[in-house]
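> this one's structure only:
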């Protein structure tokens, strides 16, 4: 694992660690103070004044005692009166000063986000816009939290981290059931003695014979409004928005749901805010409530619709592998397609084999079995083969594409072609408006613009066997634009109109080289980071997008709401192609987050990249190489970690590694901890190497705590 640190208002530390040790929440491992120094000074003053008030009260009592025991001695009476008058005057001054100090403390508390209760008690923090994270059970959703300008004709999509019981979100209104072979739904269903459908199928639409007569309310299952509530934010008591409800099945399990309101959202005169509330009536397949293990037993987010509809088509912005190849792509690769906007996962995700109904994304090889999986805010879909071919660099199972090559011939390669089928146009529809489920389309129902020219050319005729796309062996001429791409049935060109296709080449090799972190922004140990600062992580390879969700961003100290309950830190991981220097084969990760240091609080932030993050060759981030700074004067900079030549297992030669943290694969020394607050080495420049390697995360964080002076 790689852990690096940035912070707002205070000085941080930076750490790098291997995921085999796991990672503890930073707030549970260290004991750094989260209290503002201004509050500490104010509290000290109040304690001193309280002590002086106690002394004044003692003097009043002493004065009274002196007068009562004077026995008519005028000198003692005068002395007692003098002490009493001075003590009362002093007490008035002290009480006034105490009131002023208390006013200052309350003002500071309010200014720094703390409110109510005793200062010595548990701090309470005001809520602010954008609070709340995706959560442990919610992996992604569209529209995004607080997104504005959402088109009125959008669908709402939610992806869970664990499989969900579809019956807890969807009612089987179109009366379909599972086929006997469990490959999909059918309308030919058996009923039990009570007239109920046996083995009901939740989350589908039944297309009529004439697709142009399709109606979301008539032909689709419906959303369970008691469990999933979509309503106008200004009126929580308004009726929930009814919608068609669909599910994307992955090996019989459902993680992703798509809802299409029967009536378009918003209106054509003003922007409208909507809330989506997922209740704990939603259950996992094991029967547990979806939010049982969370403090809040629901999930809520908002978005704002604009006044317009979206009829602009999506297009492909990147694919992998590319042709002509920049390197020899090994057969343990993942096939990746990146779109220009969020896509309908019902059209870009599915099982691929000769018996499946999913034919929107195909290959020229009929021997490839696997699945297309969506990720990265529904902008990426990736194909993963089901053919096991050994272990990756982390000792986990790896999957390969099937080639027609002698087993030991590493120079052998096969040429392939990939096809993405666009949607069927709606008669008299708006430009790219498509018939639902007829091909790849975005979440507003617009078909793919394969050639990205903005001109609607439609969907070409398909051969009788929709799994067969045909192929030409003139791949080099294709890449140069000198030959036709390939032919479908009856001589019709399948890549025409707005379909998208590309050739690529796969070699009979296994690539076990591991990815690493090349550069991070903000820089290492960067201080005074802006509230809206970009957090960017550049990797050495193109990453498997589905694994990016494992990257985390820790905030310390942990914030609490007015009731003293913890507020999850909102962030979202998004990957994009790194196009710097015209390079298109690496991934840059951006961590979208709510503001740093809310209410002007001082806070530390620790982005962590675990070894479960993998590149497209299915190799994980291990050991966790990343950039390092060697001198205190370099604090806040973003050096470039570079790894040169590697062996067949991805282990680099030491002399080819530059500006990277020291790593080792020894089980008792595989966690690196780096900070710039430590002492300098004998040369006066290099950091003490003894501080760089620790055997576990606890030792790492203890070192950071000690060196930060807390």
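That came through fine. Remember, it's a predicted structure, so these values are computed and weren't measured experimentally.

> Would you mind listing the buried residues in stretch 532-552?
By neighbour count with 16 or more other CB atoms under 10 Å, stretch 532-552 contains the buried residues 533, 535-552. Every residue, glycine included, has its C-beta placed from N, CA and C.

> Among the residues you listed, which ones are in strands?
536, 537, 538, 539, 552 (DSSP state E).

> can you give me the strands in the stretch 501-650 of the chain?
Under the criterion DSSP state E, counting those that start in this stretch, the stretch 501-650 of the chain contains strands at 517-521, 536-539, 552-556, 571-577, 587-593, 603-609, 642-643.

> Revised request: answer the last question for the stretch 151-300 of the chain.
Along the stretch 151-300 of the chain, the segments classed as strands by DSSP E, counting those that start in this stretch run 156-160, 170-171, 177-178, 185-186, 222-223, 228-232, 243-250, 253-261, 272-279, 298-305.

> Relative to the helix or strand that the last one is followed by, what are the paired strands and their orientations?
Sequence-wise, the next helix or strand downstream of strand 298-305 (DSSP states H and E) is strand 316-320. Each strand pairing with strand 316-320, determined using DSSP bridges, is listed with its direction: strand 335-339 (antiparallel).

> Just the mean pLDDT for the partner strand, thanks.
For strand 335-339, mean pLDDT rounds to 96.

> swap in stretch 609-617?
Stretch 609-617 carries an average pLDDT of 90.

> Let me see the residues that make contact with that stretch.
Outside stretch 609-617, the residues within contact range by CB atoms under 8 Å, 6 or more residues apart in numbering are 1-3, 18-20, 23, 320, 330, 332-334, 336, 392, 394, 511-515, 517, 537, 539, 541-544, 547-548, 550-552, 620-622, 624, 626.

> how far is that stretch from where the chain is centred?
Going by CA atoms, centre = their mean, to the nearest Å, the spacing between the C-alpha centre of stretch 609-617 and its chain's C-alpha centre is 14 Å.

> hang on, the earlier thing: now the ones in strands among the buried residues of stretch 532-552 in TSV, with pLDDT?
Formatted as TSV, these follow (pLDDT from 0 to 100):
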residue	pLDDT
536	93
537	92
538	92
539	92
552	84
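
> May I see the residues you listed arranged in a markdown table, with distance to residue 285 as well?
Below are these laid out as a markdown table (distance: CB to CB, whole Å):
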| residue | distance to residue 285 |
| --- | --- |
| 536 | 37 |
| 537 | 34 |
| 538 | 38 |
| 539 | 34 |
| 552 | 26 |
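
> gap between residue 528 and residue 596?
Residue 528 is 10 Å from residue 596, where distance means CB to CB, to the nearest Å.

> out of those two, which sits in the busier spot?
When residue 528 and residue 596 are compared for neighbours, residue 596 comes out ahead with 23 against 13, by other CB atoms under 10 Å.

> List the residues that contact the more buried one.
Neighbouring residues of residue 596 by CB under 8 Å, 6+ apart: 8, 529, 530, 531, 532, 533, 603, 605.

> Can you select the buried ones among those residues for me in PyMOL?
Selecting only the buried entries of these in PyMOL, with 16+ other CB under 10 Å as the criterion:
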select buried, resi 8+529+533+603+605
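
> of all the contacts of residue 596, which two lie farthest apart?
Greatest spacing in the contacts of residue 596, by CB to CB: 532 and 603 (14.1 Å).

> List the beta-bridge partners for residue 140.
Here residue 140 sits in beta bridges with residue 159, as judged by DSSP bridges.

> now do the one 10 residues further on
When bridges are taken as DSSP bridges, the partners of residue 150 come out as residue 305.

> quick thing: my sequence starts at 44, can you match it?
Fine by me, first position is 44 from now on; the one you just mentioned is residue 193.

> Quick check: it vs residue 321, distance?
Residue 193 is 18 Å from residue 321, by CB to CB.

> swap in residue 236?
In terms of CB to CB, residue 236 sits 35 Å off from residue 321.

> who has more neighbours, those two?
residue 321 (24 against 5).

> Show the contacting residues for that one.
181, 201, 270, 271, 333, 334, 341, 342, 343.

> so what pLDDT did it get?
Reading off the model, residue 321 has pLDDT 95.

> Next: residue 171.
30.

> cool, and residue 269?
Confidence score, pLDDT, at residue 269: 94.

> and it, how many neighbours?
By other CB under 10 Å, the residues close to residue 269 number 9.

> That one reaches residue 324, doesn't it?
Yes. Using CB atoms under 8 Å, residue 269 is in contact with residue 324, at 6.5 Å.

> And the pLDDT at residue 477?
If you check residue 477, the pLDDT there is 92.

> residues contacting the residue of the chain most remote from its centre?
The centre of the chain is farthest from one residue, residue 115, which by CA atoms, centre = their mean lies 84.5 Å away. Neighbouring residues of residue 115 by CB under 8 Å, 6+ apart: there are none.

> Which secondary structure element is home to it?
Assignment of secondary structure by DSSP H and E places residue 115 within no helix or strand.

> Mind pulling the model confidence for it?
74.

> Phi, psi for residue 329 please.
Main-chain torsions, residue 329, degrees, to the nearest 10: phi -90, psi 0.

> Could you measure from it over to residue 207?
From residue 329 to residue 207 the distance is 10 Å (CB to CB).

> Show me the helices in this protein, by range?
69-72, 80-111, 117-155, 259-262, 388-391, 518-522, 740-750 (DSSP state H).

> worst average pLDDT in the ones you listed?
Confidence, taken as mean pLDDT, is least for helix 69-72 of the helices of the chain (a mean of 27).

> Can you tell me how far residue 564 is from residue 387?
Distance check for residue 564 against residue 387: by CB to CB, it reads 33 Å.

> and if you look at residue 216?
Going from residue 216 to residue 387 by CB to CB gives 20 Å.

> who has more neighbours, those two?
Neighbour totals were compared for residue 216 and residue 387, and residue 387 leads with 28 against 16 (other CB under 10 Å).

> correct me, but that one touches residue 303?
No. Using CB under 8 Å, residue 387 makes no contact with residue 303, being 9.4 Å away.

> what's the overlap in contacts for the two?
Here residue 387 and residue 303 share the contacting residues residue 198, scored by CB under 8 Å, 6+ apart.

> Which of the helices and strands in the chain ranks last by mean pLDDT?
Lowest by mean pLDDT, DSSP states H and E among the helices and strands of the chain is helix 69-72, with a mean of 27.

> how about residue 320, what does it touch?
With contact taken as CB under 8 Å, 6+ apart, residue 320 is in contact with 271, 272, 274, 341, 342, 343.

> swap the cut-off to 10 Å and go again
270, 271, 272, 273, 274, 279, 283, 341, 342, 343, 344, 345 (CB atoms under 10 Å, 6 or more residues apart in numbering).

> same thing with residue 442?
Residue 442 neighbours (CB under 10 Å, 6+ apart): 374-377, 413, 427-433, 435, 661.

> hmm, try it at 8 Å
Residues in contact with residue 442 (CB under 8 Å, 6+ apart) are 375, 413, 427, 428, 429, 430, 431, 432, 661.

> in the sheet, who's paired with it?
Under the criterion used (DSSP bridges), residue 442 bridges to residue 431.
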